[in-house]
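Asks: Quick one, what's the 3D model for this:
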Amino acid sequence: MNSFAVWRGYLNGLKILPVGFLILGLMMLFSGEPVVEGSIILDNCFRLSLFIGGFIAGINAKKTGCLHGSAVGAGLWLSKVLLFLWLFPEVLNISDLLISAIVCFLLSALGGLCGVNWLILKRREKATSRF
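Replies: Numbers count the residues shown, from 1 in each chain. This is a model prediction of the structure:
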């Protein structure tokens, strides 16, 4: 397994999360909505970061994008669990953790598959443009 591809996908996936916090903060500042309503924004940003992290890992791995993408998903899931254990230790339960792990694995693996397929399409495009 190419650890550089996994690490790069993980870091690029983490770059998306502050955008969600920024959107949530601006929404709370200007609209006065409660924090609970903003959880949808954070969930969607986390899911987007899973897909993008897997996509970048798949592009950098050049093969087995599903494996590299799922490794990114496992890393992001572990980061999410540790963050939530630190912030909200009384809220977590096993069923939510299991569902979250499955979603993280599937979304990032799908991103890895799309990244490898995108890379293959770019190579074919480059090869056909030569003729």
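Asks: Just the helices from this structure, written as ranges.
Replies: Ranges of helices within the chain are 3-31, 39-61, 65-87, 94-129, based on DSSP state H.
Asks: Most tightly packed of these?
Replies: helix 39-61 (a mean of 22; mean count of other C-beta atoms under 10 Å). To be clear about C-beta, it is placed using only N, CA and C from the backbone, and glycine gets the same treatment.
Asks: could you give the angle of that one to helix 94-129?
Replies: Using axes from the mean of the first three to the mean of the last three C-alpha atoms, to 10 degrees, the inter-axis angle of helix 39-61 relative to helix 94-129 is 40 degrees.
Asks: Which strands and helices lie in contact with helix 39-61?
Replies: helix 3-31, helix 65-87, helix 94-129 (3 or more C-beta pairs under 8 Å, 6 or more residues apart in numbering; DSSP states H and E).
Asks: if I pick the residue nearest the centre of the chain, what's in contact with it?
Replies: The residue lying closest to the centre of the chain (C-alpha atoms, centre = their mean) is Leu50, at 1.2 Å. By C-beta atoms under 8 Å, 6 or more residues apart in numbering, the contact list for Leu50 reads Gly13, Val72, Gly73, Leu76, Val103, Cys104, Leu107, Ser108, Gly111.
Asks: Need the residues you listed in JSON lines (columns: distance to Arg130 and pLDDT).
Replies: Rendered in JSON lines, the data for the contacts of Leu50 read as follows (distance: C-beta to C-beta, whole Å; pLDDT from 0 to 100):
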{"residue": "Gly13", "distance to Arg130": "34", "pLDDT": "90"}
{"residue": "Val72", "distance to Arg130": "33", "pLDDT": "94"}
{"residue": "Gly73", "distance to Arg130": "36", "pLDDT": "93"}
{"residue": "Leu76", "distance to Arg130": "39", "pLDDT": "92"}
{"residue": "Val103", "distance to Arg130": "41", "pLDDT": "92"}
{"residue": "Cys104", "distance to Arg130": "40", "pLDDT": "93"}
{"residue": "Leu107", "distance to Arg130": "36", "pLDDT": "94"}
{"residue": "Ser108", "distance to Arg130": "34", "pLDDT": "95"}
{"residue": "Gly111", "distance to Arg130": "29", "pLDDT": "94"}
